[in-house]
Every structure is written in structure tokens, then in C-alpha cells.
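# What follows is a predicted protein model with its sequence.
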Amino acid sequence: MTRPATSPEQEVVEARLVEAVVASFDACSDPRLKELMVSLVRHLHAFIRDVRLTEEEWGEAIEFLTRAGHITDDVRQEFILLSDTLGASMQTININNAAYENATEATVFGPFFVEDAPHVELGGDVAFGAPGEPCWVEGTVTDTQGNPLAGARIEVWEADEDGLYDVQYDAGKRSARGHLFSAADGSYRFWGLTPTPYPIPDDGPVGQMLAAVGRSPLRASHLHFMVSHPGTRTLVTHIFPEGDPIGERDSVFGLKQSLVKRFEQQAAGAPTPDGRVVEGTWSRVRFDIVLAPVGA
Ligand code: BEZ
Ligand code: FE
């Protein structure tokens, strides 16, 4: 957008204010806090000056943030959703989980992890009755040298076929989630559900923002993992089925190509890896997990 240039006198007024605010942090004794505040102020003022923010727009922004605050509680965190939909969460993850050799890439955590997911044995079913097509998930957990990691804790969680997580029905419900431990040879396997797309919670100000800018709230279909083992960097990630039309348009920018996996569709009655009898169709996927060393 082309705008009339601001006069030199006006430039001086605006620049003087930025420097006055920056100087207000001079006495801050915490160097990191000072760095964060100074940089934040410089970027914030650069934005306000760049777009020539109107007082009305400033008021709308304050109102938006106020509504985000009002809808936020112990369960609903609208500010994280805002961070997610602006790509700020994903960028922070990128910076703090630097690419390392062949280590599996990280992606967004999301709001639906719970600490007390049930334990399942290797080959167990984490669906716990949640509706959806059964999916056999298997793979290995290794370090970047290919050494198997035994006893790695693998947390998995996902939405059911109606696009809802257990806790969205009832805070105490536990289904379509669980944890298991890798075997002595690093292998793991479990039954879950074939992932399907679902919207992020869009009944609040973030949903209104997405609608106003013509963006979909849908997330690409995915299955969440959090994998930890002593001496390695804890990995928070998902896998995404190949061919999902939402794919690159994931509302929180979480999809990375290395995390797209082939979920092979199986006909009704096809024999299963563990002899389980499945009435309808089912799918299977392989996900080999490579953990980076701590501090990588
Ligand atoms: C999710 O994966 O469920 C999710 C991630 C970010 C925002 C909302 C939902
Ligand atoms: Fe999710």
C-alpha cells in the first residue's frame, strides 16, 4: 500500500518516542529481560509506524485481547491458540529444536495433552472405545547413530473420528490416548485410530480472526507423539497421513514434510499383525523415531 510520506518533523517525534521507551529499560538488571523488552518495543513501534495504526484499530486490538483473556481458563488457552495460528508457536519450536543430523523433526504440542494417559502394553489399543477406524502403528526408537533406545516413553494422543479429543467431551474422560515403552530392541507397536482432520477450537476470538481473514480452522489430520529417553532431547511431534487435502494449509503451520507418512488402508477382514479381529477396514503406518542428544 502506498501512503503519503511522513514529514521529517513527524519522523523525529515518532523516533524520539521509541528511544525514550527503549531508554526506560536502561536500569534493568536482568540482561535477558532487557534484551527482550527493548527488542519487543522496537518491533512493536516499527509495526505501529509501518501500518500507520489508527486509534480505532488500536481499540479493536485491545478489545480482541480482552476477549481472548475472558475466554481463557485452566482448560481453554486462547493466547496459545493465537500464537499457534500466527505461526509463533511453530517458529519458537523451530528455534528450540534445531535440526540435528537425522533426528525426527518436532512440531506443535497443542492443547490436548494430559499427564495421566493410561499405560498400554506393546501392541495394546489406545483407542479405549473412541470411535474411528483402527490403525496399527509400529516403528523403532533409536538415537542418531541408529542404536536402539529401550524403555523410551512414548505418549500418543489423537482426536476421534468426530474430530474431538476425549477431554472435549468431559475433562476426566481418557480415550484415544495412552503411553507405552519401547522394547529392548527399540521397537514399539500399538493400535490407535486413523487420524482425521478437525478444527482447532474456533468459537472464540481466534476463530473470529480466522473467519475475518478467510482462513480455515482445520488442522491437517495427525497423531501426536511425545517421546522421551534419558540422554536424549524429548521429542514432541505428530505424524500426518500422506494425501490429506488440508496438508500444507494446516491452521497452525505444524505440518513438516518429513512427518508425512503413508497410512496403508487395509480391506475389511484383512489379517492384522497381531491376529486381532477387526470387523471393518483398518490402516497401518510405520514411524521410526530418531532422538537427538540432549543439548543438540
Ligand atoms: C491440536 O493438535 O490438537 C492443536 C494444536 C494447536 C492448536 C489447537 C489444536
Ligand atoms: Fe491435535
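Received, thanks. Ligands and ions are numbered 1, 2, ... in the order given.

# residue contacts, the residue in the stretch 151-296 of the chain that ligand 1 sits nearest to?
For the stretch 151-296 of the chain and ligand 1, the shortest gap (CB to the nearest ligand atom) falls at Ile200, measuring 3.8 Å. No exception for glycine: its C-beta is placed from N, CA and C like everyone else's. With contact set as CB atoms under 8 Å, 6 or more residues apart in numbering, Ile200 has these partners: Leu81, Asp84, Thr85, Val206, Gly207, Pro217, Leu218, Arg219, Ser251, Val252.

# How about the helix or strand containing the fourth one, which residues are buried there?
For Val206, the element it lies in under DSSP states H and E is helix 205-212. Judged by neighbour count using 16 or more other CB atoms under 10 Å, the buried positions of helix 205-212 are Pro205, Val206, Gly207, Met209, Leu210.

# And for stretch 58-76?
Going by neighbour count (16+ other CB under 10 Å), the buried part of stretch 58-76 is Phe64, Ala68, Ile71.

# Say whether ligand 1 is contacted by it.
No: with CB under 6 Å from any ligand atom as the criterion, ligand 1 is not reached by stretch 58-76; the gap is at least 10.7 Å.

# what residues does that stretch touch?
Residues outside stretch 58-76 that contact it (CB under 8 Å, 6+ apart) are Glu78, Phe79, Leu82, Pro111, Val167, Ala171, Pro201, Gly204, Pro205, Val206, Met209.

# on that earlier part again, what about the contacts of Ile200, which are in helices?
Using DSSP state H, the subset of those located in helices is Leu81, Asp84, Thr85, Val206, Gly207.

# Would you mind giving these as CSV with pLDDT and distance to ligand 1 added?
Formatted as CSV, these follow (pLDDT from 0 to 100; distance: CB to the nearest ligand atom, whole Å):
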residue, pLDDT, distance to ligand 1
Leu81, 95, 6
Asp84, 96, 4
Thr85, 97, 8
Val206, 98, 9
Gly207, 98, 11
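
# Show me which pair in those is furthest apart.
Using CB to CB, the ones in helices among the contacts of Ile200 span at most 12.3 Å, a distance reached by Asp84 and Gly207.

# Neighbour-wise, give me the winner out of the contacts of Ile200.
Leu81 (28 neighbours; other CB atoms under 10 Å).

# That one against Val206, yeah?
Yes: using CB atoms under 8 Å, Leu81 is in contact with Val206, at 4.5 Å.

# What's the per-residue pLDDT of Ile289 here?
pLDDT, the model's per-residue confidence, is 98 for Ile289.

# pretty sure it contacts Thr234?
No: contact criterion CB under 8 Å: Ile289 and Thr234 do not qualify, at 11.5 Å.

# Of those two, which one has the most company?
Higher neighbour count among Ile289 and Thr234: Ile289, with 22 against 15, using other CB under 10 Å.

# returning to that earlier point: if you rank the contacts of stretch 58-76 by neighbours, which is first?
Val206 (26 neighbours).

# my read: that residue touches Ile80, true?
No: contact criterion CB under 8 Å: Val206 and Ile80 do not qualify, at 9.5 Å.

# and the residue of the stretch 101-250 of the chain found nearest ligand 1, which of the three is it?
In the stretch 101-250 of the chain, the residue that lies nearest ligand 1 is Gly110 (3.0 Å; CB to the nearest ligand atom). Secondary structure for Gly110, judged by DSSP: H, G, I helix; E, B strand; the rest coil, is coil.

# Using CSV, list the CA coordinates for the longest strand along the chain.
As assigned by DSSP state E, the longest strand anywhere in the chain is strand 134-143. Provided in CSV are the C-alpha atoms of strand 134-143 (Å, rounded to 0.1, in the frame of the first residue of the first chain):
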residue,chain,number,x,y,z
PRO,A,134,-8.4,-48.8,13.8
CYS,A,135,-4.8,-48.1,12.9
TRP,A,136,-1.8,-50.3,13.6
VAL,A,137,1.2,-48.0,14.4
GLU,A,138,4.7,-49.5,14.6
GLY,A,139,8.3,-48.4,14.4
THR,A,140,11.5,-48.1,16.4
VAL,A,141,13.1,-45.5,18.7
THR,A,142,16.8,-45.0,18.1
ASP,A,143,19.5,-42.4,18.6
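
# Spell out which parts of the protein neighbour ligand 1.
Counting by CB under 6 Å from any ligand atom, the residues of the chain close to ligand 1 are Leu81, Asp84, Val108, Gly110, Pro111, Phe112, Ile200, Arg219, Val252.
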